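Asker: Sequence plus the predicted model coming up.
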Amino acid sequence: MSTRIPLPYGPKVLELFRNPKNMGRMEDATVVAVTGSLACGDMIAIYLKIDEETQVIKKATFESYGCAANIAAASIMTEMIKGKTLKEAWNISWRDISEELGGLPSIKYHCGVLAVGALRRAIRSYFENKSKPDWLPEELTHEEKHALEEEKLVEMIEKRMKRKTN
Amino acid sequence: MTDIIRSVKDLIEIHGKPKREVYLDSENSGLIFPEALEEMISCYRETGYGHPSITHKIGWMSYEKMFKSTQILADFINSSVDEIAYFHSGTEANNVAVTGLARAYKNRGKKIIVSSIEHFSVIFPAEKLENYGYRVVKIPVDEYGFINVDSLSNAIDKDTLLVSIAAVNHEIGTIQDIRGLVEIIKDKNPQTIFHTDAADALGKINFDVDRLGVDLATFSGHKVYGPKGVGVLYIKEGIKLEPVIYGQLSTQRLWPGVENIPAIAGFAKAIEIIRNNFDTFVFHMRSLRDDLIDGLLENIPYTLLNGPKGDRRAPDNVNVSFLYCEGEALTIELSMRGIYVSSGSACTSRLLEPSHVLLAIGRKHEEAHGSVLMKVTPMHTMEDVKYVLSQFPQAISRIRSLSPLKPEE
């Protein structure tokens, strides 16, 4: 098929793929965010239940369309942010996620990035009609920009294919 | 780029051993006939360690083994022994066909025509030649993967050195009308050389180089249930090729190094088995294929068959897209149920792009991401197919249940 690459996942990835934690839609979520799309082959939805007073994440769930690394990254992230304040959650990086999973193959780093992108989108949208805290940057972070790029990827591939076929 | 190189022992342990196992990934690396494996082992023990170009008994014995093996293959494709060249793989044979031809005919045309669904071992060497003044034209295919004959005919001119089109597509099993294509090509330019990657055709359809009129044809050991590590190029008498790799030559002008006699013997054994059972095998594979395709399409909603149906599809090929279901995750879910398949999803690719073949037949990206490729072999049974069909609906449901977008939405 397409050009292959070995994907020696850590055992933690397979464990979370088989028994994902916090999987599923949250009907009473305070805030929801999605990154990626079906077309780019990677999509993560993050649901957060936030305590309005303390800004602590009481509950986090996810849904994922993507590879095993994508599912495991989203799942572990929901575990990592549970009980954390929004500020603490904002500071979680894709590297933290990769580390928690026992290291992702480099070609799968983007799965961790996409998960963090979804989380930060969710946090940003939570503050949309509220006074923004000073730790929330105006400019999009690397992870959020990456999500935007990935969402545009399909267009790029299609353009290139058209150029090559007569 | 530093990637993780690690032992996957723990991963395999957590995976566990499924109660039943069905290997359907002969596209990526084929099952081997037990008799072919036995032949390799006994050949290695008896004569295969010898070098066929050295003047001692073992050398002559290994030469004899190689000659007899080549005769079996030549008879099967209706060529002469002198028209067979060996390589380490089908990939290598395709590379030599494209690059070796360009090097041998420097003063002819500079246009190379391939189909948009060729194997990368044809597309990539052709595109590499663009750095040396060649132009590559890709011919589009229809929704089933059949060559657009008008585009092909229009593309051929006096500058066309080579046309390369696979007799059977490796991913979606489309059987091209090779004889018809050759007629169109030679009619427009008799000097244009025609190569076909026949790795997926040999043993699946009748393949007679003389009747088809091809100039070059590639075959691969593991695609006929022989060993990997051996590929063959049929080179019609009179067609010139330059080597692509260099070293000490022996029996093979284009393939320096020590001949892999046991692999060649195993390849020949596999051909012999196929030759003796051709009709039975094709009939058997077709019925397994159709049971699998019908079972999947009837029992699982939002499912598409990729490639043609019936007689114009290779007897072993099953390629189905499951919407709302990402293919890499599905291969792992199926693996834990003992079913080993591959996917055209971008997630399994080094380039993070979905299968170029599926995109070329007009599949959307999300349809390609949810594709699964399976190949049945003469060694599979109805019981295997029943087991696979019993597991698939649950596997698809589970992966779909994880997704934020579900079929009903």
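Answerer: Thanks, I have the structure now.
Asker: What helix or strand is the residue of the stretch 101-250 of chain B at minimum distance from chain A located in?
Answerer: Residue nearest to chain A within the stretch 101-250 of chain B (C-beta to the nearest C-beta): residue B:138, separated by 4.7 Å. C-betas here are computed from N, CA, C, even on glycine. Using DSSP states H and E, the element containing residue B:138 is strand B:135-139.
Asker: Which strands and helices lie in contact with the helix or strand following that strand?
Answerer: With elements assigned by DSSP H and E, the helix or strand that comes after strand B:135-139 is helix B:149-155. Applying 3 or more C-beta pairs under 8 Å, 6 or more residues apart in numbering or on different chains; DSSP states H and E, we find helix B:149-155 packed against strand B:111-115, strand B:135-139, helix B:178-188.
Asker: In TSV: these, plus distance to residue B:121, mean pLDDT and mean neighbour count.
Answerer: Below are the helices and strands packed on helix B:149-155 laid out as TSV (distance: least, C-beta to C-beta, whole Å; pLDDT from 0 to 100; neighbours: other C-beta atoms under 10 Å in any protein chain shown):
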stretch	distance to residue B:121	mean pLDDT	mean neighbour count
strand B:111-115	11	98	25
strand B:135-139	14	98	21
helix B:178-188	18	98	17
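Asker: What is the least confident helix or strand in chain A?
Answerer: helix A:142-164 (a mean of 80; mean pLDDT, DSSP states H and E).
Asker: now the angle between strand B:135-139 and it, please.
Answerer: Put simply, helix A:142-164 runs at 90 degrees to strand B:135-139, going by axes from the mean of the first three to the mean of the last three C-alpha atoms, to 10 degrees.
Asker: and the stretch 201-350 of chain B, which residues reach chain A?
Answerer: The stretch 201-350 of chain B comes close to chain A at residues B:324, B:326, B:328-329, B:332-333, B:336, B:342-350, as judged by C-beta under 8 Å from any C-beta of the partner chain.
Asker: Who's the closest spatial neighbour of residue B:205, skipping the chain neighbours?
Answerer: Excluding its sequence neighbours, the residue lying closest to residue B:205 (C-beta to C-beta, 6 or more residues apart in numbering or on different chains) is residue B:175, at 5.9 Å.
Asker: before we move on, what about residue B:159?
Answerer: residue B:109 (4.0 Å).
Asker: Unless I misread the structure, the one you found falls within a helix.
Answerer: No: counting by DSSP: H, G, I helix; E, B strand; the rest coil, residue B:109 is not found in a helix; it is coil.
Asker: Might you report the residue contacts of it?
Answerer: By C-beta atoms under 8 Å, 6 or more residues apart in numbering or on different chains, the residues touching residue B:109 are B:157, B:158, B:159, B:160, B:161, B:191, B:192.
Asker: out of those, which are buried?
Answerer: Neighbour-count burial (16 or more other C-beta atoms under 10 Å in any protein chain shown) applied to the contacts of residue B:109 gives B:160, B:161, B:192.
Asker: now the residues you listed in JSON lines, with distance to chain A, pLDDT and secondary structure?
Answerer: Compiled in JSON lines, the buried ones among the contacts of residue B:109 are given as follows (distance: C-beta to the nearest C-beta, whole Å; pLDDT from 0 to 100; DSSP: H, G, I helix; E, B strand; the rest coil):
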{"residue": "B:160", "distance to chain A": "13", "pLDDT": "98", "secondary structure": "strand"}
{"residue": "B:161", "distance to chain A": "17", "pLDDT": "98", "secondary structure": "strand"}
{"residue": "B:192", "distance to chain A": "17", "pLDDT": "98", "secondary structure": "coil"}
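Asker: Got the phi and psi for residue B:403?
Answerer: Residue B:403 adopts backbone torsions of phi -80, psi 140, taken as degrees, to the nearest 10.
Asker: For it, which non-adjacent residue is spatially closest?
Answerer: Nearest residue to residue B:403 in three dimensions, chain neighbours excluded: residue A:65, at 4.1 Å (C-beta to C-beta, 6+ apart).
Asker: ok, now which ones touch the one you found?
Answerer: Neighbour list for residue A:65: A:36, A:38, A:41, A:42, A:43, A:44, B:324, B:326, B:402, B:403, B:404, B:405 [criterion: C-beta under 8 Å, 6+ apart].
Asker: and the two most separated of those residues?
Answerer: The most widely separated members of the contacts of residue A:65 are A:44 and B:324, with 14.8 Å between them, by C-beta to C-beta.
Asker: list the contacts for the most centrally placed residue in chain A?
Answerer: With distances taken as C-alpha atoms, centre = their mean, the residue of chain A nearest its centroid is residue A:115 (1.1 Å). By C-beta under 8 Å, 6+ apart, the contact list for residue A:115 reads A:35, A:44, A:46, A:62, A:70, A:73, A:74, A:77, A:94, A:97.
Asker: Just the buried ones among those, please.
Answerer: Neighbour-count burial (16+ other C-beta under 10 Å) is assigned, among the contacts of residue A:115, to A:35, A:44, A:46, A:62, A:70, A:73, A:74, A:77, A:94, A:97.
Asker: In strands, which of those residues appear?
Answerer: Members of those lying in strands (criterion: DSSP state E): A:35, A:44, A:46, A:62.
Asker: Take the residues you listed and write them to a markdown table, including pLDDT.
Answerer: Below are those laid out as a markdown table (pLDDT from 0 to 100):
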| residue | pLDDT |
| --- | --- |
| A:35 | 94 |
| A:44 | 96 |
| A:46 | 97 |
| A:62 | 98 |
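Asker: got those residues as TSV, with distance to chain B columns?
Answerer: Shown next, in TSV, are those (distance: C-beta to the nearest C-beta, whole Å):
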residue	distance to chain B
A:35	10
A:44	8
A:46	10
A:62	8
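Asker: Please list all residues in contact with residue B:62.
Answerer: B:47, B:48, B:49, B:50, B:51, B:52, B:259, B:261.
Asker: do that again at 7 Å, thanks
Answerer: Shown in contact with residue B:62 (C-beta atoms under 7 Å, 6 or more residues apart in numbering or on different chains): B:47, B:48, B:50, B:51, B:52, B:261.
Asker: Now tell me which of those the prediction trusts least.
Answerer: Least confident entry in the contacts of residue B:62, by pLDDT: residue B:48, with 84.
Asker: Apart from its chain neighbours, what residue comes closest to it?
Answerer: Closest to residue B:48 by C-beta to C-beta, 6+ apart is residue B:262, at 3.8 Å.
Asker: do the same with residue B:292
Answerer: That would be residue B:318: by C-beta to C-beta, 6+ apart, it lies 4.9 Å from residue B:292.
Asker: my guess is the residue nearest to residue B:48 contacts residue B:40, does it?
Answerer: Yes: here residue B:262 lies in contact with residue B:40, judged by C-beta atoms under 7 Å, at a distance of 4.5 Å.
Asker: In this model residue B:116 seems to touch the residue of the stretch 101-250 of chain B closest to chain A, though I could be wrong.
Answerer: Yes: contact criterion C-beta under 7 Å: residue B:138 and residue B:116 qualify, at 4.4 Å.
Asker: any weak-confidence spans in the chain?
Answerer: With no chain named, the answer covers chain A. For chain A, the stretches with pLDDT under 70 are A:1-2, A:161-166.
Asker: meant chain B actually
Answerer: The low-confidence ranges in chain B, as defined by pLDDT under 70, are B:1-4, B:408-409.
Asker: what's the neighbour count on residue 106?
Answerer: The chain I'm using is chain A. Neighbours of residue A:106 under the rule other C-beta atoms under 10 Å in any protein chain shown: 13.
Asker: that's the other chain; I wanted chain B
Answerer: 11.
Asker: Can you classify it as helix, strand or coil?
Answerer: coil.
Asker: again with residue A:49
Answerer: Following three-state DSSP, we place residue A:49 in the strand state.
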